[in-house]
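Asker: My questions concern the predicted model and sequence given below.
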Amino acid sequence: AQKITQTQPGMFVQEKEAVTLDCTYDTSDPSYGLFWYKQPSSGEMIFLIYQGSYDQQNATEGRYSLNFQKARKSANLVISASQLGDSAMYFCAMRERNTDKLIFGTGTRLQVFP
Amino acid sequence: NAGVMQNPRHLVRRRGQEARLRCSPVKGHSHVYWYRQLPEEGLKFMVYLQKENIIDESGMPKERFSAEFPKEGPSILRIQQVVRGDSAAYFCASSPPSRQTQYFGPGTRLLVL
C-alpha cells in the first residue's frame, strides 16, 4: 500500500543555515510523483517542488531542492539559507500513476530562529 | 492570475445543520480535488471531480457527504447533519489538464458546535 513517512515531528534551524526535512515513501508503482507543500500558520497549502520518478536529476526551485534517492525510496527536502519566513509545517506527498489523489505524510514543523 | 478560491474561510454550524463549502478552481483548470485535514494531521483525500463527473470518491464518507462540480459555477462539498467529528479544515485543489501538480485553496475551517 502506498504510504508516506515523515519521521521528524519538529526541526529547528538557525537563520541562513541549510536544513533537510526527511521523507520516505512506499509504493509498488514504477511511475509516481513526489511533492512538497508548505503550510504556514495562516493555514494555506503552498506548492514548493515536484519530482517525477523517472526524472534523472534532482528537482530544484530557488532555495528548495529535493534529494531524490530512488533505491532508498526517499525524497528529502533541502532548504538552503533558511529565512524566518520558512517557519511552517512541511508536508511530503505522493501520487501514483493510476490515481490522481495525493497521499500526505504527517508533516514536519520547522522553526527558524535568528 | 487568481488562484483557487474557497469560501467561506470559516464556517460555524450546530450539530444537525448542513454545511456547504465552495471552491472555484484556477481559471482553465477542469480538475478539482477535496481534502480534509484534522488538527495536527496531514491532509486526507476525499474526492476528485471533473466538470459534471465524479472520478474518484474513494475517500468520501458513505453517508452525509456529497460533492459536485457543475458545468457552470464552483464545486460544492456538502455535509448534511453535521456532527462534532466533522470539525476540520477542508481544502480544495485544482490542476490543469496535465494533472501533474495540484494547487490548493486557502481552506475552509469548519467548526461544529
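Answerer: In hand now; what should we look at? Numbers count the residues shown, from 1 in each chain, chains lettered A, B, ... in the order given.

Asker: Every contact and neighbour count from this point should use C-alpha atoms.
Answerer: OK.

Asker: quick one: buried residues of stretch B:78-89?
Answerer: Neighbour-count burial for stretch B:78-89 flags B:Arg78, B:Ile79, B:Gln80, B:Gln81, B:Val82, B:Val83, B:Asp86, B:Ser87, B:Ala88, B:Ala89 (criterion: 16 or more other CA atoms under 10 Å in any protein chain shown).

Asker: what do you get for stretch A:76-86?
Answerer: For stretch A:76-86, a neighbour-count test (16+ other CA under 10 Å) marks A:Asn76, A:Leu77, A:Val78, A:Ile79, A:Ser80, A:Ser82, A:Gln83, A:Asp86 as buried.

Asker: For the residue minimising distance to the centre of chain B, pull up the helix or strand it's in.
Answerer: For chain B, B:Trp34 is the residue whose C-alpha lies nearest the centre (CA atoms, centre = their mean; 3.8 Å). Using DSSP states H and E, the secondary-structure element containing B:Trp34 is strand B:31-37.

Asker: What lies in contact with that strand?
Answerer: A:101, B:25, B:43-51, B:69, B:75, B:77, B:88-97, B:99 (CA atoms under 8 Å, 6 or more residues apart in numbering or on different chains).

Asker: for stretch A:92-100, same thing?
Answerer: Counting by CA under 8 Å, 6+ apart, A:4, A:6, A:23, A:25, A:27, A:29, A:31-37, A:101-105, A:107, B:48, B:99 sit against stretch A:92-100.
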